[in-house]
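Participant: Below: sequence and its predicted model.
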Amino acid sequence: QKEVEQDPGPLSVPEGAIVSLNCTYSNSAFQYFMWYRQYSRKGPELLMYTYSSGNKEDGRFTAQVDKSSKYISLFIRDSQPSDSATYLCAMSEAGGYNKLIFGAGTRLAVHP
Amino acid sequence: GAVVSQHPSRVICKSGTSVKIECRSLDFQATTMFWYRQFPKQSLMLMATSNEGSKATYEQGVEKDKFLINHASLTLSTLTVTSAHPEDSSFYICSARPGTGQRDSDTQYFGPGTRLTVL
């Protein structure tokens, strides 16, 4: 079993839809949770960064962490064609060298 | 803020040559930098972790004599692929973690990546 599970998709939605992306994990020591967006042939771009459980909102993006269920989510409201990319969840334990453990990435396509 | 650059963005070389890739944190000091490799349609694979002024820590299965990492300053790390072969062709990405006491010191910011093609 992988430490972090993420459905690779692809996920195809119409413009304006609400998108829900999810990851599950097995390591209860994870404390920091991140979502990165990666366009083709580019480096990952940090979208959201959350410590421990709870919700965090930034514009059209909302990140949720449920540590009791070992489940994290990223919601994208009013999705746009420019949101078409691969979304990677990542997480790490507290302290140390903060080695990130990545999910496989979910490919999202938002069509006009 | 939190910008990481990589140079070159793309390199093509002949088999047997060495290639150096630079990773710089432009607006913050990075005590720790990471090097990843990514194959098409796959997630990132961590190769090594480097801390300024000390030897890099390599992940299991990564040849340290083939992938030389130097973290010479708080803003610069280099990856040298020695005696490159076609199987080393890949997308190499670095990331940098802001030092303790700086904003978002518990996350990583990624460079744009370097595409290496070995003929």
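Facilitator: Now that the structure is in, tell me what you want to look at. None of the values given here were measured: they were computed from a predicted structure.
Participant: show me where pLDDT drops low in the chain?
Facilitator: The chain I'm using is chain A. Where chain A drops to pLDDT under 70, the residues are A:95-98.
Participant: nope, chain B please
Facilitator: B:1, B:102-105.
Participant: Show the backbone phi and psi for B:Glu87.
Facilitator: Torsion angles at B:Glu87 (phi, psi; degrees, to the nearest 10) stand at phi -70, psi -10.
Participant: which residues touch it?
Facilitator: Residues near B:Glu87 by Cβ atoms under 8 Å, 6 or more residues apart in numbering or on different chains: B:Val118. From N, CA and C alone the C-beta is placed, and that goes for glycine too.
Participant: could you redo the last one with a cut-off of 10 Å?
Facilitator: B:15, B:118 (Cβ atoms under 10 Å, 6 or more residues apart in numbering or on different chains).
Participant: What's the separation between it and B:Ser15?
Facilitator: The spacing between B:Glu87 and B:Ser15, counted by Cβ to Cβ, to the nearest Å, is 10 Å.
Participant: Count the neighbours of the residue of chain A found nearest chain B for me.
Facilitator: Nearest residue of chain A to chain B: A:Gly43, at 4.1 Å (Cβ to the nearest Cβ). The local packing of A:Gly43 (other Cβ atoms under 10 Å in any protein chain shown) involves 23 other residues.
Participant: How about the contacts made by the residue lying closest to it once chain neighbours are set aside?
Facilitator: Leaving aside its sequence neighbours, A:Gly43 sits nearest to B:Phe110 (Cβ to Cβ, 6 or more residues apart in numbering or on different chains; 4.1 Å). For B:Phe110, the contacting residues are A:36, A:38, A:42-46, B:2, B:4, B:6, B:23, B:34, B:36, B:44, B:93-96, by Cβ under 10 Å, 6+ apart.
Participant: In PyMOL, how would I select just the buried ones from these?
Facilitator: To isolate the buried members of the contacts of B:Phe110 in PyMOL, using 16 or more other Cβ atoms under 10 Å in any protein chain shown:
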select buried, (chain A and resi 36+38+42+43+44+46) or (chain B and resi 2+4+6+23+34+36+44+93+94+95+96)
